[in-house]
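> heads up, no residue letters with this:
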């Protein structure tokens, strides 16, 4: 597959010494969903702003649909659809009017525009509400209309910047279904930013984990989880422990590796988690450290993030 989006060594700082991007490099292929996964402030939205010509990098280079974002921003804008974090809808207009206006902005006219608007309303399950003002729609319906707006002119590259933020579980599930359909039915490249681990795991064919303005690892979700051999062992301690004492105690347990301690949570990896847990419990109890709960599970994206960023995702 050809490269629809490329970014090379992007750097961006904001007033006050805030470094949003610190040498970020990525490639999105045509026909794939590529996920940028990271907590708030990791640099995801800054990346999208640069790739969609809304911001300039301090240094580095980026191309979208074969066009340099700095040299030919107008060409880039004709080739992309963007769903920003905050809705771009006119709440006082109907769903149909929102789509019609968007189409006209991109030069779609006449019967072609009418057909396209009807097609999108049907596709996103919005036809029955099309004549009502958008302010009366549910959050999930409004978000689906945001995606429909980005598709009116049939872009080759679609940017979804945290598209499910603020939605309830039902709205998130509906949006996941629509994004999955887009990936299956369209040949466009989709760049998805998210801070939801389950969203990245479900939707992204490939993903990159962003931390501190740079990519710390990338691959398919299964590849990234598969790199972590064995089981993930998580012990929730009864109270924040004396860290040197806890590490000293757990260091004597055979089969445990990659031990990390954050607050009351002690995490490690083991080839056989079930076999390692009794020894870990005994070692901690001998050191006077009580354990409240124990979890043994297959590796998750949270474990991947812990390994590469040195802390749990929620932290």
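In hand now; what should we look at? Computed from a predicted model, the values in this text were never measured in an experiment.
> what's the distance between residue 42 and residue 23?
From residue 42 across to residue 23, the span is 14 Å (Cβ to Cβ, to the nearest Å). C-beta coordinates here come from the backbone N, C-alpha and C atoms, glycine included.
> Oops, could you answer that again for residue 133 instead?
In terms of Cβ to Cβ, residue 133 sits 46 Å off from residue 23.
> picking up where we left off before, find residues that contact each of residue 42 and residue 23.
Shared contacts of residue 42 and residue 23 (Cβ atoms under 8 Å, 6 or more residues apart in numbering): residue 213.
> Of the two, give the one with the bigger neighbour count.
Comparing residue 42 with residue 23 by other Cβ atoms under 10 Å, the one with more neighbours is residue 42, at 25 against 13.
> so what's the backbone phi/psi at residue 132?
Main-chain dihedrals, residue 132, degrees, to the nearest 10: phi -90, psi 150.
> measure it to residue 95 for me?
7 Å.
> Which one's more surrounded, the two?
Between residue 132 and residue 95, counted using other Cβ under 10 Å, the more crowded position is residue 95 (28 against 14).
> for the more buried one, what are its contacts?
By Cβ under 8 Å, 6+ apart, the neighbours of residue 95 are 121, 126, 129, 130, 131, 132, 134, 137, 145.
> Could you do residue 146 as well?
Neighbours of residue 146 in contact, by Cβ under 8 Å, 6+ apart: 83, 84, 87, 88, 89, 163.
> between these, which is nearest residue 224?
Residue 224 lies nearest to residue 163 out of those, by Cβ to Cβ, at 21.9 Å.
> Output the lowest mean pLDDT helix or strand found in the chain.
helix 169-185 (a mean of 84; mean pLDDT, DSSP states H and E).
> Now do the buried residues in that one.
Residues of helix 169-185 classed as buried by neighbour count (16 or more other Cβ atoms under 10 Å): 171, 172, 174, 175, 176, 178, 179, 182, 183.
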